[in-house]
Each structure stands twice: as structure tokens, then as C-alpha cells.
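1. Okay, here's the prediction I keep looking at, along with the sequence it came from:
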Amino acid sequence: MRLSLTDKVETALPLPFMSLFTTIAPITVTCNKRLAPYLELEVREMGFDIEETFITGLRLRGTLNDCIRLNLNLRCASQVLFSLDRFEARHPDDIYENLVDLVWEDLLPEPGYFSVTSNVQHETINNSMYANLRVKDAIVDRLRNKRGIRPETGAELRGAVIHLFWKQDYAEVFLDTSGDSLARHGYRKIPGRAPMLEALAASTILASRWDRVSPFINPMCGSGTLAIEAALIATNSRPGLFRLNYAFMHLVGYDENVYLEERGRLEEQIVEVPGLKIMATDYSDQAISNARKNARAAGVEDLIEFGLCDFADTAVPDTEQGVMIINPEYGERLGDIRELETTYARIGDFMKQKCRGYYGYVFTGNMELAKKIGLKASRRIEFYNSTIDCRLLEYELYAGRKADKPGNPEEDIPAGDADSTL
């Protein structure tokens with residue numbers, strides 16, 4: 001049984017499909033868990049009205065041309081999904097029967113190439129690949145019947161991408177307009193050891209109190225992701241500058257001129273920040289070399305001052321305000337716990353002695369180690385680093401004696417707690 005979408009769009013699947021790029025329909029923008037508040041901030045700043053925010057994304061309404069703009073601008077997102085249809089499905093055959101009726105010949109170019117992804121939570125499915133297969137079969141059978149040739153399909157996300165969401169008896173099919181995840185911003189050529197995902201790095205910066213003009217200090221910089229994202233945020237340089245292929249480019253009705261205009265706006269909206277000081281240090285010569293190369297690829301090497309030193313020897317500018325953010329090892333993947341206890345205690349000493357007047361931030365997945373810092377956190381902001389439950393600890397490092405007061409971090413600040421539907 002097909003569900004009515006008349007309260008959301010004019011039709012479930014607007015006709016003709018040539019107008020789909022200018023037809024309003026539901027859009028779901030997904031992100032990694034706990035990044036939704038920062039994704040919401042970005043989307044609102046772009047002028048969109050948000051209908052719903054949940055733990056792994058948000059919903060709004062717009063066109064495929066809006067999806068182009070979202071793909072090029074968002075730092076915290078993973079995928080931008082344009083809804084085609086939703087229906088009731090109790091069995092994999094229901095997926096096939098509903099999708100074989102959609103006019104895929106007006107969506108996918110000839111001969112075309114497409115991939116299928118899915119998020120499936122249904123009792124009849126113990127391997128999501130089977131659900132993907134039923135989607136693929138429906139599309140292939142439809143196109144072969146209409147065109148007389150079989151389209152090419154594969155797992156590589158280099159062409160059009162169809163996404164199935166199926167939970168209990170509710171199914172929805174989307175055009176994934178992104179393809180490869182937006183969470184990887186495309187400039188990082190050398191990831192280094194245990195790198196932070198670019199979308200996570202951007203989110204932690206957006207969660208901080210950095211004003212985008214005062215000093216940004218990043219000891220233990222590793223491959224440089226935090227410092228690079230800070231430079232990109234400060235100059236309003238968007239991820240779309242580093243990527244040339246999106247799934248929306250492989251749909252019938254795609255107008256390259258719309259994309260080129262949007263990409264041109266990315267260049268126009270870059271700003272200069274006179275006197276901007278971003279510092280990244282690491283004790284590893286290889287890490288600094290990698291970070292420089294990544295910064296060069298992102299076009300911000302000249303905005304970052306790199307230093308080869310122990311984190312405690314970082315030369316923090318003496319200013320009235322600024323941000324210091326550090327992402328030490330936390331014993332899950334790297335480092336010896338006993339050595340790390342000493343490191344965390346030294347981080348506390350470094351903040352007290354050299355970062356007065358700043359906001360200090362420690363990103364960690366080990367709260368036992370965090371106790372060794374010996375300072376009281378004013379906020380504990382929840383994140384995940386892959387599957388590791390992490391916190392961004394904020395410390396107000398007063399210029400006077402208040403910074404020396406020991407204590408335990410305050411209660412966690414959750415990054416949204418709504419149930420995820422995608």
C-alpha cells in the first residue's frame with residue numbers, strides 16, 4: 001500500500017522528471033551521530049527552514065537544485081537525500097513491486113550507471129545486501145523493459161545513487177545526491193595515525209566558543225585536520241571547493257550551469273581575516289610534514305603557523321582571548337595508559353601556565369584520563385569518534401587564580417537526543 005504524500009509534495013514522484021530539479025520535495029540531510037546540532041546551525045545559516053531535527057540528521061523541503069547548494073556548502077553532513085516515494089512494505093517483494101512502477105527511465109540517463117545503498121531494520125532482512133538487490137532488480141527490470149538494454153550497476157559510488165530506508169513496515173526511497181560521504185572534505189591526502197574525520201573536526205570547532213578571528217592554537221596537531229578546518233571556517237571556505245563529482249551530476253535534467261554558478265559563489269564568499277593566527281604543533285616531524293601537505297591541498301598553508309615541538313612548548317600568543325584545542329591519545333587505539341596519565345596531567349599544567357585568558361578544549365574518549373587534567377570543565381559536550389564515546393571538555397582559563405581550582409567536569413551536554421529515523 002502506497003502512503004499518501006499529498007501533505008508534503010504535490011505528488012509522490014513529480015512528473016515529468018525533467019522538472020525534478022526545480023520541484024519541491026522532502027529532503028533529508030544525514031550526519032554522524034551527535035553532529036546534528038552543528039549541522040542544523042549550518043543549514044539555518046544558509047537560510048533553509050528545518051522541519052525536524054533528529055540524532056543523525058534533519059529534514060527540510062527543497063528542490064534538487066537546493067540539494068546542489070547543500071552538498072557544496074555543508075561541513076558537518078554525510079549525505080543529502082531527495083525523497084522520491086514512501087510506501088508500506090512488509091516483505092522484500094513489496095520493495096520490488098513498489099519500485100518497479102517508478103519511471104526510472106526519466107531519472108537515470110541512458111545507458112547509465114547506478115548504485116544502491118540502504119539503511120534497513122526489518123525482521124525479514126538479516127543482510128542489507130538482499131534489500132539492495134531487490135531495489136536493483138526493480139530498477140534494472142524497469143529500464144530493460146523500457147529501453148531494451150540492461151543498465152550497469154556496481155558498488156562504487158561514481159554515478160547515480162539510490163538509497164532505501166526501511167524500518168518496520170515503513171519504506172522510503174531517495175536519490176542520494178551526494179554519492180561519497182560529505183563527511184570527508186576531500187583535501188586530506190595523508191591521514192596520519194588515528195585521524196579525526198573532517199566533519200567531526202568542523203563540528204568540534206563549531207561547538208567551541210571560537211570567534212573565528214582570535215588565535216586558534218592546536219597542539220598535538222597530527223595530520224592537521226583541526227587547524228585546517230579552523231582556517232577554512234574562518235575564511236568561509238566550503239568543502240565544495242575540493243570535490244568535483246557528486247551523484248546529482250548523473251541524473252536526467254542535471255544542468256551543469258546551476259552547479260557552476262553555485263561553485264562560483266563558493267569562491268566569491270571566501271573572506272580574508274587580517275591578523276588571523278592559527279598555530280599547529282606536534283613533536284613528530286612526519287606529522288608536521290603531513291599536516292603541511294594537507295594544508296597546502298586545502299589552500300590554507302599560508303594561514304597556519306606550524307611548529308615542531310612538544311605540546312607544552314607551544315608558544316601561545318599573549319592575548320585577551322583565544323581558543324586552545326587539543327586531541328590527545330586516549331588509550332583506545334594508541335598510547336599506554338600509564339604514560340597518558342602523565343600526559344593529561346601535563347596538559348592541565350600547560351593550560352594553567354600558558355593559556356590564561358583562553359578557552360581550553362580537550363577532546364577525549366577516556367574520562368578517567370581526563371580526571372588527571374586537574375581542572376574543572378565548564379562544559380562537557382558529547383561526540384563520537386567512530387564508535388568511541390567522546391567528550392569535548394571546555395575549560396575557562398581565567399587570567400587570575402580561578403584557573404587553578406581543581407575539580408571534576410560538570411554534567412554532559414548532549415548533542416541531541418531525538419530518536420533517529422535514518
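-> The structure has been received and is ready for your questions. Numbers count the residues shown, from 1 in each chain.
2. Can you say which helix or strand has residue 264 in it?
-> helix 256-268 (DSSP states H and E).
3. tell me which residues in that helix are buried?
-> By neighbour count with 16 or more other CB atoms under 10 Å, helix 256-268 contains the buried residues 258, 259, 262, 263, 266. (C-beta placed from N, C-alpha, C; glycine too.)
4. And the following helix or strand past that helix, what does it pack against?
-> Sequence order places strand 278-282 as the next helix or strand after helix 256-268, per DSSP H and E. Applying 3 or more CB pairs under 8 Å, 6 or more residues apart in numbering; DSSP states H and E, one finds that strand 278-282 contacts strand 216-218, helix 225-234, helix 285-298, strand 304-308.
5. how about those, which one is nearest residue 62?
-> Nearest to residue 62, of all these, is helix 225-234, at 23.9 Å by CB to CB.
6. tell me the average confidence for the closest one?
-> In this model, helix 225-234 has an average pLDDT of 98.
7. And for stretch 67-78?
-> For stretch 67-78, the per-residue pLDDT averages 98.
8. ditto for stretch 344-358
-> pLDDT averaged over stretch 344-358 gives 97.
9. Name the residues that touch it?
-> 215, 217, 219, 311-312, 314, 316, 319-324, 326, 328, 360, 362, 369-370, 372-375, 395, 397-399, 403-404 (CB atoms under 8 Å, 6 or more residues apart in numbering).
10. ok, so of the buried residues of helix 256-268, who is nearest residue 205?
-> residue 266 (19.0 Å).
11. Tell me how far residue 275 lies from residue 389.
-> Applying CB to CB, to the nearest Å, the value for residue 275 to residue 389 is 38 Å.
12. Which one's more surrounded, those two?
-> residue 389 (14 against 7; other CB atoms under 10 Å).
13. ok, the residue lying closest to that one once chain neighbours are set aside - contacts?
-> Among residues not flanking residue 389 along the chain, residue 365 sits closest, at 6.4 Å (CB to CB, 6 or more residues apart in numbering). Listed by CB under 8 Å, 6+ apart, the contact set of residue 365 reads 330, 332, 385, 388, 389, 390, 391.
14. ok, now with 7 Å
-> Residues near residue 365 by CB atoms under 7 Å, 6 or more residues apart in numbering: 330, 332, 385, 388, 389, 390.
15. one step back: which one of the buried residues of helix 256-268 is nearest to residue 207?
-> Comparing the buried residues of helix 256-268 against residue 207 with CB to CB places residue 266 closest, at 23.8 Å.
16. Looks like the closest one contacts residue 72 (just checking).
-> Yes: at 6.1 Å, residue 266 and residue 72 qualify as touching, with contact defined as CB atoms under 7 Å.
17. what about residue 118, how many neighbours?
-> Residue 118 has 21 neighbours, counted by other CB under 10 Å.
18. and the helix or strand where it lies, average pLDDT?
-> Counting by DSSP H and E, the element that carries residue 118 is strand 113-121. Strand 113-121 comes out with an average pLDDT of 95.
19. Likewise for stretch 180-191?
-> pLDDT averaged over stretch 180-191 gives 92.
20. the helices in the stretch 101-250 of the chain, which residues?
-> Counting by DSSP state H, counting those that start in this stretch, the stretch 101-250 of the chain has these helices, from start to end: 128-147, 198-207, 225-234.
21. Show me what residue 81 bridges to in the sheet.
-> residue 28, residue 176 (DSSP bridges).
22. what about it, distance to residue 207?
-> The separation that residue 81 has from residue 207, given CB to CB, amounts to 25 Å.
23. what about residue 387, neighbour count?
-> The burial count for residue 387: 8, using other CB under 10 Å.
24. before we move on, back to that, what's the closest of the helices and strands packed on strand 278-282 to residue 54?
-> Of those, nearest to residue 54 by CB to CB is helix 225-234, at 24.4 Å.
25. Residue 233: what's it in contact with?
-> Counted by CB under 7 Å, 6+ apart, residue 233 has contacts 202, 205, 212.
26. hmm, try it at 6 Å
-> residue 205 (CB atoms under 6 Å, 6 or more residues apart in numbering).
27. what's the helix or strand for residue 353?
-> Per DSSP H and E: helix 337-354 holds residue 353.
28. Which residues belonging to that helix are considered buried?
-> 340, 341, 343, 344, 346, 347, 348, 350, 351, 352, 354.
29. what distance separates that helix from the centre of its chain?
-> On the basis of CA atoms, centre = their mean, to the nearest Å, helix 337-354 sits 30 Å off its chain's mean C-alpha point.
30. Likewise for stretch 80-95?
-> 25 Å.
31. So for it, first residue to last residue, what's the gap.
-> Using CA to CA, to the nearest Å, the end-to-end distance of stretch 80-95 comes out at 22 Å.
32. And stretch 219-232, by the same measure?
-> With CA to CA as the measure, stretch 219-232 spans 18 Å from end to end.
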